[in-house]
Structure formats: structure tokens, C-alpha cells
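**Student:** from the sequence below, what's the structure:
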Amino acid sequence: MFERIVFAAVLGLTFVVQTQPALAKTEQDIRFVLQIIVDGLRADLLNRYADSFGKGGFKYLMQNGTVYSNAHYHHANTETIVGHTTLATGTYPSQHGMVGNVIYDRKADELSYNIEDKDAPLLPSREQSSTGDQVDPSQKISRTKGRSPRAIQVPGFGDTLSAYTAGRSKIFGISGKDRSAVAMAGQTGKAFWFSTDNGDFITSRYYYERYPAWVSDWNQQRKAEKYADSEWKLSSAKDSYLLAAQDDRPYEVDLKGFGRTFPHRYGEKDNKLLYTQLVVSSAGDQLVLDFAKALVTNEQLGQDSVPDYLSISFSSTDAVNHFFGPSSLENEAVVRDLDNTLSELLHFIDKNIGLTHTLIVLSADHGMADMPEYMTEVGYAAGRLDSKEIVAVANRAGQALGIDNVVRYFFRPYLYLDEDKITAAKQDSATIELAVANAVTDIAGVNLAVSSRNFSSYEGNPLIKQVQRNQHITRSGDIYVIQDPYWFLLEEGLIAVMHGSPWRYDTHVPVMFSGPGIEAQHVHRTVHPVDVAPTIATLLGMTPPASMQGAALTEVINR
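**Tutor:** Sure, this is the predicted structure:
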């Protein structure tokens, strides 16, 4: 300190020592940023169920905040990690690198889960378990159970906030899914997620060497186990539900005894599927809420002038959609129950921090398609694509040009071709790609197959820009396969329907801002989720995330 004073004196400066400088307050003294993501919440579902909402949840935000009714993702692969990372960074997947839930590792020559990291093993939450893997049933691809954000290639909002406040902001991401929590916490925050292995909230050694005492205490209460051998019941009379008649459809999936109709019975404590069943119901969101309350209390978020950040990603709407579809009684039940959960959350925040000091942002990572069988019932022609047929057609196209088995992998939406075989055959990769793409496009149910080396060939097609925004130089596949609207790019199996297309039912999500100084208004112009992170940063007086490709929303910041 003496040397600093001498240096200032030599320069003729007045030197003032302040050991704990106060951070300049935001215009409206925002002490807490609460970012809520509802996994799989297609925007129109809020309109469909609006009459059944109470005053304190969705309706509070819809009546007291700025609501964007026409928000759409700009990229093609509308999957969980892609949407969450886009929300976190304000950047398209072509930049942030998370182009899909599963990525083909060309160096290892195998598919890998997007956030797996062998150098960040899971932190065991109890002696008898050290697993807790959380991957979609349809995507059980993982070489290691380690988890970290290292594969995300650009900084997120939390990282930018940490730099701005010199590490003084507390930054957390929690979710029912590991990839959701990890993406939102970024490189510098802390992430916790629900384990479908043991019902605990867990993390990895990327974040902690040991669990904070309050997390261990929460896990020791075994709150998830208390649902064992009970039921997910409707919270209101069945005739009060708009979709009451859609409770037993043959194309819904019975998760090994969970049933297709209410009430849905949870398994016993020793049933390995118990914790998955909880996520496929309102119980999953309620457990996330309970853990969030413990986190806010014990980490003392929002208690001083340095803004803290918490992302809560609720996963049950997405899980219910996968098994029952978005036009099911189960979907209506889980969204209406989530309305009550949000009301409880906002009441808790108001009591412990104050909504007058809280910026609330709500959105979703993607929408969801209705099942092809349902769309057929209402008169629309749809069906299911067979991945084996896609590969066979692609290989026949390659064989016609002298290359056997040109497809190395197909994992929706990407076909990965065998570069070694193309080189050995002395063929031009762009020529092979275009031939294969054209052949796949001719399959019934395929709208367009896009060669990554021939984007100019599709000039004028509005889907191409979405595909390009999803095209990462090293991680994306060679051919992007787009199904026709409401066609399903996954065979019948454990789940009934999948999101991931560039169609509007998958891109349309809610975007809402509520907090001090934000006007109550509904805005109908088109906006994009890449605009969310720069808007939050602007409200806090910060530089936005470094690779930002969105823009601050004028209706929110012009207060």
C-alpha cells in the first residue's frame, strides 16, 4: 500500500484508499437476477391454459412485465443444450459450439454427450452412489460421467457478470437436467442438478471438492424418496381441464408402470425408475423449487448491492411432453402445477430478497411438436422417419459414386460421412455430400437434407440460415436432415415425441422480463432468445457477453 501511495504522489495524483469499494448501483438497484427457463414450454401453451392460472405465477409476469409473444429461436437444432447455451451467451451455436445434445467427436471417432468431461468426475452425494448420470433416454451416449462447461466455447452472462463485479457476484445454475444447469452457470458459476440415479442434487469436481454443508443436509433429508409408492394426481377437478378428454391415447408411452392415465403411480423406493418418474411429473419441478429455496437462503443471495444470479431450469414440462405429448392432459396438468410452483417461488423471493430488487427473466430452451399420430387424428398427414432408411439411402448414393458405406454415423439431425473413404476414392467431398443430400431429400417425410459444403446451392430457402447458425466448423455434421412438419425423426420406442426441428412449433418460446422499472406491456414484433443475455447485461450497466450476436430489447431497456 505504501508503494502505491508514493507512486501516486510522484505523479501528482490524489490517492484515496478504499478497502471495500461499493459497486455502483444499477439504475433501479437490481440486487438479484432470477432467470427461469421452462424446458420445452412452447409459447402458445401459456395462452391455451391462461384462464386456469392463479395470480402469482405466470399471470404475475404476464400482467406486470414486458411480454414478447413472437419470440423464436434462429437456429435449426432446437434441443436442450443448444437453447440453454444460446440463452446464456446471447450467441448462436455456430459460435458457442453446443450444436446438439450429442456431438460426434471426430478425433475419438465416437459420439459423445455434450458436457461430459473425464477431468471433472461427479462428486458423490452419498457413500453408496457415485453416478447420477442424466441423459435423455433416447440419447444414452456417454463415455464418462464427469460433467463440466469446458466444451462451451464462449463466455456466458454469468461469466461476464463475474468479471464485472470482480468475482463478488454469486452465480448459480440449478435444474432437473445436468446440461441445463451447466450451460446457465457458465465457466465461473456453480451448477447443481437432480440425479435420476439417487434423487439427490449433485455436482462435479469442476465446481467443488466437497459439497457445501447445506447441500449435504438437503440430500440427507431424502425428499425425493418421500414420493415413493404415492401418486401424481390432478390438482383440480378433472372437468376443469381443457384437455380432460385426452388422458388415454394409444400412442402415449407408459414408463414401465407409470401408466398412461391419471393418477400416475410412482414406484417404490428401490425402483430404479422412481426418480425418472418424478421428473416426468410435477414432482420434479417441486423438488427443484425446494432446492432453490435452500440455495437462496444458505448462499444469502441478493442480500447486498452486488447483484447475484440464479438460473432455475424446470425440466418436467419437457419430460412430460416426451412421453405424453404437448396436447395431453398430462401436459396441461404439469403446466398448471408449474404455475403454482412459480407463484410459491416468487412469493419466497419477495419475502427474502424483495421483488423490487429482483430482475426476473422467463423463457424456454425450445418448444415441442405434437405427436404425428395426434396430428393424423386431427387431419394432418404426418409420420415417423426410419433412421435406418436414411442411412441406407445415403449409402446407396455414395455407392453410385464408388464409395461403400459412406455414412459413418447418423445421429439426428446430422449425417457424418467417412472422410477417409472419400479421400481414398479420390472424390471431391462437396460433390459426394451434395449427391447424398439430394438422395436423402427424396425420402418421404424428409423436407430437406442440406450439405454443409454447398450452402450456396440452397439460396432462397429460408431454412438455410437456421442451419448455418447451427453449423460449427468442427462439431457439426456433413449433412443436416430436416424432417417435414410434424414428422418424427426417431423411431417408436421409450419416448413418444421429440423436439429439435427448425419449424415454428419448436422455435416458438415465451420471453418475459419483470422487475423494477420495467413496463407492463405485450410486444408482438419478432425477437430472438439471443437478445435475452444482452438485455440483462444492459439493465445491469454491463458490457454484454463477449461473443454476443443478439441485441438488447428496446422495450425493456428504454424505461
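**Student:** all helices of the stretch 51-200 of the chain, in order?
**Tutor:** Taking DSSP state H, counting those that start in this stretch as the criterion, the stretch 51-200 of the chain carries its helices at 58-64, 80-89, 93-96, 157-164, 178-185.
**Student:** let me know which of these is the nearest to G500.
**Tutor:** Put simply, out of those the one that sits nearest G500 is helix 80-89, at 8.7 Å, with distance taken as CB to CB. (C-beta placed from N, C-alpha, C; glycine too.)
**Student:** avg pLDDT for the closest one?
**Tutor:** When the per-residue pLDDT values of helix 80-89 are averaged, the result is 98.
**Student:** number the chain from 20, please
**Tutor:** That works, and once the first residue is 20, the last one we named lands at helix 99-108.
**Student:** so that helix versus helix 197-204, what angle?
**Tutor:** Our comparison of helix 99-108 with helix 197-204, counting by axes from the mean of the first three to the mean of the last three CA atoms, to 10 degrees, yields an angle of 10 degrees.
**Student:** roughly how far is helix 99-108 from the heart of the chain?
**Tutor:** 6 Å (CA atoms, centre = their mean, to the nearest Å).
**Student:** that one - contacts with which helices or strands?
**Tutor:** strand 51-57, helix 112-115, helix 176-183, helix 197-204, helix 551-558 (3 or more CB pairs under 8 Å, 6 or more residues apart in numbering; DSSP states H and E).
**Student:** buried sites along that helix?
**Tutor:** Buried residues in helix 99-108, counted by 16 or more other CB atoms under 10 Å: T99, I100, V101, G102, H103, T104, T105, L106, A107, T108.
**Student:** and the closest residue to the third one other than its chain neighbours, how far from V118?
**Tutor:** The reference is to V101. When the adjacent residues along the chain are set aside, V101 lies closest to P112, with 5.2 Å between them (CB to CB, 6 or more residues apart in numbering). Distance, P112 to V118, using CB to CB, to the nearest Å: 5 Å.
**Student:** list the contacts for D358?
**Tutor:** The neighbours of D358, taking CB atoms under 8 Å, 6 or more residues apart in numbering as the test, are Y68, S71, F72, G73, G76, F77, K78.
**Student:** actually Y433, sorry about that
**Tutor:** G119, Y123, S495, G496, D497, I498, Y499, V500.
**Student:** my read is that the fourth one contacts L434, right?
**Tutor:** Yes - the criterion here is CB atoms under 8 Å, and G496 meets it with L434 at 5.7 Å.
**Student:** pLDDT at E146, what is it?
**Tutor:** Among the per-residue scores, E146 holds a pLDDT of 53.
**Student:** again, but for N424
**Tutor:** For N424, the predicted pLDDT is 98.
**Student:** now swap in T375 and tell me
**Tutor:** The model reports T375 with a pLDDT of 96.
**Student:** quick one: contacts for it?
**Tutor:** Contacts were defined as CB under 8 Å, 6+ apart; by that measure T375 touches P535.
**Student:** same thing with D369?
**Tutor:** For D369, the contacting residues are T377, by CB under 8 Å, 6+ apart.
**Student:** ok, then the element right after the strand or helix carrying it?
**Tutor:** With secondary structure defined by DSSP states H and E, D369 is part of helix 348-371. Past helix 348-371, further along toward the C-terminus, the next helix or strand under DSSP H and E is strand 377-382.
**Student:** report the strands that pair with that next one, each with its relative direction.
**Tutor:** Each strand paired with strand 377-382, and its direction, by DSSP bridges: strand 51-57 (parallel), strand 527-533 (antiparallel).
**Student:** so which of those comes closest to P282?
**Tutor:** Closest to P282 of these, according to CB to CB: strand 51-57, at 23.5 Å.
**Student:** can you list contacts of the closest one?
**Tutor:** Strand 51-57 is touched from outside by 103, 106, 180, 194, 199, 203, 320-321, 326-333, 336, 357, 361, 364, 368, 372, 376-384, 529, 555, 559, with contacts defined as CB under 8 Å, 6+ apart.
**Student:** closest to H91 out of the strands paired with strand 377-382?
**Tutor:** Checking these against H91 by CB to CB gives strand 527-533 as the closest, at 5.6 Å.
**Student:** the helix or strand following that closest one: partners in the sheet, and parallel or antiparallel?
**Tutor:** Proceeding N to C from strand 527-533, the next assigned helix or strand is strand 540-542, under DSSP H and E. Paired with strand 540-542 in the same sheet, following DSSP bridges, are strand 85-91 (parallel).
**Student:** got the CA positions of the strand it pairs with in PDB?
**Tutor:** These are the backbone C-alpha positions of strand 85-91, laid out as PDB (Å, rounded to 0.1, in the frame of the first residue of the first chain):
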ATOM      1  CA  THR A  85     -42.800  -6.900 -20.700                       C
ATOM      2  CA  VAL A  86     -44.000 -10.000 -22.600                       C
ATOM      3  CA  TYR A  87     -42.800 -10.900 -26.100                       C
ATOM      4  CA  SER A  88     -45.400 -13.100 -27.800                       C
ATOM      5  CA  ASN A  89     -43.400 -13.700 -31.000                       C
ATOM      6  CA  ALA A  90     -40.000 -14.900 -29.800                       C
ATOM      7  CA  HIS A  91     -38.300 -17.600 -32.000                       C
END
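**Student:** between that strand and helix 551-558, how many degrees?
**Tutor:** Strand 85-91 runs at 150 degrees relative to helix 551-558, counting by the same axes, to 10 degrees.
**Student:** list the contacts of strand 85-91.
**Tutor:** Against strand 85-91 from outside (CB under 8 Å, 6+ apart): 62, 80, 382, 523, 526-533, 537-548, 572, 574-575.
**Student:** which one of the helices and strands packed on helix 99-108 is the most hemmed in?
**Tutor:** Among these, the stretch with the highest mean neighbour count (mean count of other CB atoms under 10 Å) is helix 197-204, at a mean of 31.
**Student:** other SSEs contacting that helix?
**Tutor:** Packing contacts for helix 197-204, counted by 3+ CB pairs under 8 Å, 6+ apart, involve strand 51-57, helix 99-108, strand 190-194, strand 209-213, strand 327-333.
**Student:** as TSV, those with distance to K252 would be great.
**Tutor:** Output for these, formatted as TSV (distance: least, CB to CB, whole Å):
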stretch	distance to K252
strand 51-57	22
helix 99-108	28
strand 190-194	25
strand 209-213	21
strand 327-333	19
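**Student:** quick one: closest of the ones you listed to P563.
**Tutor:** The stretch from the helices and strands packed on helix 197-204 with the least distance to P563 (CB to CB) is helix 99-108; that distance is 9.6 Å.
**Student:** could you check the angle strand 327-333 makes with that closest one?
**Tutor:** Between the axes of helix 99-108 and strand 327-333, defined by the same axes, to 10 degrees, the angle is 160 degrees.
**Student:** could you find the closest non-adjacent residue to S131?
**Tutor:** Going by CB to CB, 6+ apart, S131 has D124 as its nearest residue, at 4.7 Å.
**Student:** wait, doesn't the one you found sit right on L130?
**Tutor:** Yes - taking contact to mean CB under 8 Å, the distance of 7.2 Å between D124 and L130 places them in contact.
**Student:** pick out whichever of these two has more residues nearby.
**Tutor:** When D124 and L130 are compared for neighbours, L130 comes out ahead with 17 against 13, by other CB atoms under 10 Å.
**Student:** I483 versus that one, what's the distance?
**Tutor:** Noted for L130: a distance of 25 Å to I483, by CB to CB.
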